[in-house]
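Trainee: let's see this in three dimensions:
(one chain, ligands or ions: 1)
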Amino acid sequence: MNNTLEITELTKTYPNGIQALNSVSLRLSNGMFGLLGPNGAGKSTLMKTLAGLQAADSGRIMFNGIDLAEHPDYIKKQLGFLPQDFGVYPKVSAYDLLMHLAVLKGLTNAQARKEQVLSLLDKVNLYAFRHKEVHTFSGGMRQRFGIAQALLGNPQLVIVDEPTAGLDPEERNRFNDFLAEIGEDIIVILSTHLVEDVKNLCTQMAIMNHGTVLAMGAPTDFLQAMKGRLWEKTIARKERAAYESQYRVLSSQLTRGQLSLHIESEENPQNGFSPLAPNLEDVYFSYLKKSAHVSAATL
Ligand SMILES: Nc1ncnc2c1ncn2[C@@H]1O[C@H](COP(=O)(O)OP(=O)(O)OP(=O)(O)O)[C@@H](O)[C@H]1O
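Mentor: Model prediction:
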């Protein structure tokens, strides 16, 4: 099934006056979609709104042509959600908790429910631990349990909010492999501030900051568009401020006590800079820098 999710001019201001979403529009179809932005960009607000946990002030969400505001149950039936903080884990076994959540999800047939729960436990590699209480699980096991509950009822739209936070590199790789596998036939939205995860997993992405979508497209297109505009130079740490005042510095990374500076410039900046092939992190910083510049200018 080819799913579509169309978000049009979604806006949300919290009662404290913070505008978390400012006319957000996105169009998604099957595959992994990376939503990239720093803390506070509005990602969680968008995810929670899509999951129907809170309402936007204005705007529209259409899933497979059906308006979420008019038919909230339609998207709920098709949706799996792994929130940033999955919350308190009761002292019950993985199997029992999944069975309970499956009932809440509307899996009413007892035999079918049991089969699906066991198959999901197998899929996320927790079958051997199905009788262990979930609160004794490691971080990685909890995340895998979280994804198992998100997949109950064969959802067509899965939303995962910062799923690899707190995982060690090996667990993170395993988790990402699994996401990539399920992301082939449904829409998976991965909200993260880790550029690396988006680079490895997603065919489409958007960059968000201050409640606004700064850009949307395929990671490869972003890289292509930045070609020829990135330059690198290694400098002493104490020179940083001088360079920052003169160039558009995207990042500076410490290597063996010296700084490797990445700057953006349409023309060759000379002064010892060498051209560099951009990576997705450079693209991300470039957009964030531009948006910081714009919001500073409009203050
Ligand atoms: N319930 C709330 N009440 C008031 N302000 C909120 C609430 N939830 C979020 N905010 C504010 O809205 C803005 C967007 O927050 P949101 O959690 O959506 O961002 P995020 O990109 O998901 O960041 P993070 O990765 O830190 O969760 C932030 O400034 C945040 O402080």
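Trainee: may I have the residues that are in contact with the most centrally placed residue in the chain?
Mentor: Geometric centre of the chain, nearest residue: Ser191, 1.5 Å, by CA atoms, centre = their mean. Ser191 makes contact with 35, 43-44, 46-47, 159-162, according to CB atoms under 8 Å, 6 or more residues apart in numbering. Just so you know, the C-beta spots here come from the backbone N, C-alpha and C atoms, and that holds for glycine as well.
Trainee: which of those residues come close to the ligand?
Mentor: Among the contacts of Ser191, the residues that sit close to the ligand (CB under 6 Å from any ligand atom) are 43-44.
Trainee: among the contacts of Ser191, which are in strands?
Mentor: 35, 159-161 (DSSP state E).
Trainee: same list, those, but as a markdown table with pLDDT and neighbour count please.
Mentor: What follows is the ones in strands among the contacts of Ser191, written out as a markdown table (pLDDT from 0 to 100; neighbours: other CB atoms under 10 Å):
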| residue | pLDDT | neighbour count |
| --- | --- | --- |
| Leu35 | 96 | 28 |
| Ile159 | 93 | 25 |
| Val160 | 90 | 25 |
| Asp161 | 86 | 22 |
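Trainee: so which of these comes closest to Glu267?
Mentor: Ranked by distance to Glu267 (CB to CB), the ones in strands among the contacts of Ser191 are led by Leu35 at 33.0 Å.
Trainee: and the helices in the protein, which stretches?
Mentor: 43-50, 72-78, 94-104, 110-123, 139-150, 169-182, 195-201, 219-226, 240-246, 280-298 (DSSP state H).
Trainee: out of those helices, which gets the lowest mean score?
Mentor: Lowest mean pLDDT of those: helix 280-298, a mean of 79.
Trainee: up against the ligand, what does this protein have?
Mentor: 14, 16, 18, 20, 37, 39-45.
Trainee: show me which pair in these is furthest apart.
Mentor: The most distant members of these, if one measures by CB to CB, are Asn16 and Gly37, lying 19.8 Å apart.
Trainee: the two: which is more packed in?
Mentor: Shown here are Asn16 and Gly37; by other CB atoms under 10 Å, Gly37 has more neighbours (26 against 5).
Trainee: before we move on, back to that, report pLDDT for the residue nearest to the centre of the chain.
Mentor: 92.
Trainee: any idea what it is bridged to?
Mentor: Beta-bridge partners for Ser191, by DSSP bridges, are Leu35, Asp161.
Trainee: so what's Phe273 up against?
Mentor: Taking CB under 8 Å, 6+ apart, one finds 231-233, 263, 265 in contact with Phe273.
Trainee: and of the residues you listed, the nearest to Ala180?
Mentor: Glu232 (30.7 Å).
Trainee: quick check: that closest one vs Ser245, distance?
Mentor: 18 Å (CB to CB, to the nearest Å).
Trainee: what about those two, which has more around it?
Mentor: Glu232 (16 against 8).
Trainee: that one touches Leu259, doesn't it?
Mentor: No: checked against CB atoms under 8 Å, the pair Glu232 and Leu259 is beyond contact range at 10.6 Å.
Trainee: on that earlier part again, just put the ones in strands among the contacts of Ser191 in JSON lines and tack on distance to Cys202.
Mentor: Output for the ones in strands among the contacts of Ser191, formatted as JSON lines (distance: CB to CB, whole Å):
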{"residue": "Leu35", "distance to Cys202": "9"}
{"residue": "Ile159", "distance to Cys202": "14"}
{"residue": "Val160", "distance to Cys202": "12"}
{"residue": "Asp161", "distance to Cys202": "15"}
